[in-house]
Every structure is written in C-alpha cells, then in structure tokens.
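Participant: Here's my sequence, what's the structure:
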Amino acid sequence: MKNYGTIIYNLDMIMKRKNISKNKLSELTGISFSGIQRYFNGTNKRVDLDVLARLCAALECNVGDILDYQEPNGK
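Facilitator: Okay, the predicted model is just below:
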C-alpha cells in the first residue's frame, strides 16, 4: 500500500498558545468535550468541516494552523 503521508493535528499547541482549556473551547464552539478531546489528541479518523470552522472561529486561526500535512518518510 502506498504511503501518502500523515495529517498532524496542532490543536493542542494552538490552545496552549491562546491559553484556552478544552472545557472553554467546548463551550465556545458547541462541540462536545469528547469531540474536542479527539481533535486535541489527533485520534479522530474523519475531519468534519463544520467542526473545523467552529474551531477556527473560536481560536481566531486558519485551518492550516490546526491541520498540517507531513510527507511520507518525513520529507
């Protein structure tokens, strides 16, 4: 199977930089705590565009700040 690279979640770094807790982010976005937790830990398997839009609005950032593409073999 071909390796297409990996998507890396940076939500933890953005939240730390903005000094915002998971509870507060959940309150601001209307996303459940467990939903925030999955994005925070990078354990969700599918990206919901509505969720990304809510996160970007609440954190005043862009999608590219939350998600990052890592090429295969760390290129």
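
Participant: Please enumerate the strands of the protein.
Facilitator: Using DSSP state E, the strands of the chain run over residues 6-9, 67-70.

Participant: CA atoms only: put stretch 35-42 into CSV for me.
Facilitator: Output of stretch 35-42 as CSV, limited to C-alpha atoms (Å, rounded to 0.1, in the frame of the first residue of the first chain):
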residue,chain,number,x,y,z
GLY,A,35,-15.2,15.8,20.3
ILE,A,36,-12.6,18.4,21.3
GLN,A,37,-10.6,15.7,23.0
ARG,A,38,-10.4,13.6,19.8
TYR,A,39,-9.1,16.6,17.8
PHE,A,40,-6.8,17.5,20.7
ASN,A,41,-5.3,14.0,20.8
GLY,A,42,-5.5,13.5,17.0
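
Participant: Compile the strands of the chain into CSV and extend it with columns for mean pLDDT.
Facilitator: Listed next are the strands of the chain as CSV, based on pLDDT from 0 to 100:
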stretch, mean pLDDT
strand 6-9, 91
strand 67-70, 94
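
Participant: So which of the ones you listed is nearest residue 44?
Facilitator: Evaluated with CB to CB, the strands of the chain place strand 6-9 nearest to residue 44, the distance being 8.3 Å. The way it works is simple: take the backbone N, C-alpha and C, and place the C-beta from them, glycine included.

Participant: Tabulate the strands of the chain in CSV, adding columns for mean neighbour count.
Facilitator: Compiled in CSV, the strands of the chain are given as follows (neighbours: other CB atoms under 10 Å):
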stretch, mean neighbour count
strand 6-9, 13
strand 67-70, 12
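
Participant: I'd like the distance between residue 63 and residue 73.
Facilitator: Distance of residue 63 to residue 73, computed by CB to CB, to the nearest Å: 25 Å.

Participant: out of these two, which sits in the more crowded spot?
Facilitator: residue 63 (12 against 7; other CB atoms under 10 Å).

Participant: dump the residue contacts of that one.
Facilitator: By CB atoms under 8 Å, 6 or more residues apart in numbering, the residues touching residue 63 are 52, 56.
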